[in-house]
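**Student:** structure, please.
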Amino acid sequence: MRISGLFQGSVLADAGRYQEALERFHSCIRLQPRDPEPLKQVAKCLFCQGRYQLSLEAYLEADKLTKHPDPEIYCALAECAWKLGDTERGVEWARAGVQAGGAERAGALLARLLLAAGDVTGALNAYDQALSNHACGADTLAAAGALRLRAGDPRRAFQLLGAALAQQPTQHAAALALAAMMLQHRDLDAALARLKAALAAHPSCVAAHTNLGLALLAKKKYVAALTCLQRAAWAAPLSSRSAHDLGLALLVCRRPASAFCRLAAAAAMRPTQPYNVLLIGVALERLGDSRSDAAYARAAALAPDDPLVRLNLAGRHARAGRLEPAIEEADVTAKLLQMMEKPDPQLASSLATLLALLREAGVELSQLPTNIPMEDVAVPDANDVVTPDEEEHLTADEV
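**Tutor:** All right, here's what the predicted structure looks like:
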């Protein structure tokens, strides 16, 4: 009778009929009050219903009835605590699950809880222990690889992500992380292949649409890039990142009015993000709106130590004929680049270009900053500066 009741309850739970399943399991509990299995099933149904506190209490009762440590109960308790916002207790129960022989599930859960608690090193160690002691699935490999990538270990991340895709080619998280690595190394064709595979598995993945759009933008496939970024913005209308990326692409395609609308939406959702405000300043300047100065100044106030923001502010002053503020901002940018452990060569080159333009405008050499990191950066001659007439123009079929 007990086995029949448990089986009927499991069938009802698998069909999503949790209340009927609970009634079956409660009848089993009345028949066998010292058996932990029906209690575990009750707790599982309560968890699926979102009643996490009741689920946790049921699992605790089941734990009292078990004669030996049950890793399944400990992992379930950790998940309940996580849902209830008690990460510290969740970590304790996940550790107990690992010690009780919870295998991959307990190790991966412990790593996720430690990461949620902000302990990145502990999470990395938990993943390493799980991977070394158990044959882990593609999801765990992908999560470990993505965390390794965040921690600045691209070689190990590449190995883990590759193993995840070899085990499950449709694992979109691993494909996205590998594509991000390839985009960082400017391997656009390989990144495009990974992103298309991720979209084939999950057509509604916002991150895949966004990264695919940015990769296509880098390859100057403007129509396809705008299409992908627009899809990402439609799929996630409350995502500041999606609106920002679409606004950036519209600026590249010289559509400042449309870019301003998207960037304003992004800034409304994240008003303290300096790059949203900076790009609004760029869009307003291209529209000939005098409010662009306020946007540039606001971006500098939000990120006073960001050399990219300060360099753009210097460029704005220079274009407006305000040479003294331009020199001051260029000097601040040069100092910020000097403070960086590894200065961005593109920023240093852009600063050198700006100084060359200021020199052409009649600024004395003694007034210009000289402490620019010049490693691998060629100082442009005045003849090397691109004038507006020499800029690349988009043809009608590209926008």
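**Student:** pLDDT wise, what is residue 149 at?
**Tutor:** Looking at residue 149, its pLDDT stands at 85.
**Student:** quick one: contacts for the residue nearest to it when sequence neighbours are not counted?
**Tutor:** Distances taken as Cβ to Cβ, 6 or more residues apart in numbering put residue 157 closest to residue 149, at 3.9 Å, once the chain neighbours are dropped. Every residue, glycine included, has its C-beta placed from N, CA and C. Residue 157 makes contacts with 145-146, 148-149, 177, 181, as judged by Cβ atoms under 8 Å, 6 or more residues apart in numbering.
**Student:** where does residue 342 land in three-state SS?
**Tutor:** Under DSSP: H, G, I helix; E, B strand; the rest coil, the three-state class of residue 342 is coil.
**Student:** what's the burial count for it?
**Tutor:** 7 (other Cβ atoms under 10 Å).
**Student:** same check on the one 3 residues further on?
**Tutor:** When neighbours are defined as other Cβ under 10 Å, residue 345 has 15 of them.
**Student:** one step back: any idea how far residue 181 is from the residue nearest to residue 149?
**Tutor:** 7 Å (Cβ to Cβ, to the nearest Å).
**Student:** what residues are shared contacts of the two?
**Tutor:** By Cβ under 8 Å, 6+ apart, the residues touching both residue 157 and residue 181 are residue 149.
**Student:** ok, back up a step: and which of the contacts of residue 157 is nearest residue 39?
**Tutor:** Nearest to residue 39 out of the contacts of residue 157 is residue 146 (Cβ to Cβ; 36.1 Å).
**Student:** so that closest one is in contact with residue 175, correct?
**Tutor:** No: if you go by Cβ atoms under 8 Å, residue 146 and residue 175 don't touch, sitting 11.0 Å apart.
**Student:** ok, the two, which is more surrounded?
**Tutor:** residue 175 (28 against 20).
**Student:** so what's the more buried one up against?
**Tutor:** Per Cβ under 8 Å, 6+ apart, neighbours of residue 175: 165, 194-195, 197-198, 201, 208.
**Student:** which one (most neighbours) among the residues you listed?
**Tutor:** Neighbour-wise, the contacts of residue 175 (other Cβ under 10 Å) top out at residue 195, 30 neighbours.
**Student:** residue 142 versus the residue nearest to it when sequence neighbours are not counted, what's the distance?
**Tutor:** Excluding the flanking residues, the one nearest residue 195 by Cβ to Cβ, 6+ apart is residue 212, at 4.3 Å. Going from residue 212 to residue 142 by Cβ to Cβ gives 19 Å.
**Student:** what secondary structure does residue 272 sit in?
**Tutor:** Relying on three-state DSSP, one would call residue 272 coil.
**Student:** residue 296 versus that one, what's the distance?
**Tutor:** Applying Cβ to Cβ to residue 272 and residue 296 gives a distance of 16 Å.
**Student:** who's more crowded, these two?
**Tutor:** Legend: neighbour count by other Cβ under 10 Å for residue 272 and residue 296, higher for residue 296 (27 against 9).
**Student:** assess the claim that the more buried one and residue 316 are in contact.
**Tutor:** Yes: counting by Cβ under 8 Å, residue 296 touches residue 316, with 4.9 Å between them.
**Student:** next step: the contacts of residue 157 restricted to strands.
**Tutor:** Using DSSP state E, no member of the contacts of residue 157 falls in strands.
**Student:** what is the nearest of these to residue 82?
**Tutor:** residue 146 (18.9 Å).
**Student:** tell me which residues touch that closest one, please.
**Tutor:** 157, 161, 173-174, 177.
**Student:** change it to 6 Å
**Tutor:** residue 177 (Cβ atoms under 6 Å, 6 or more residues apart in numbering).
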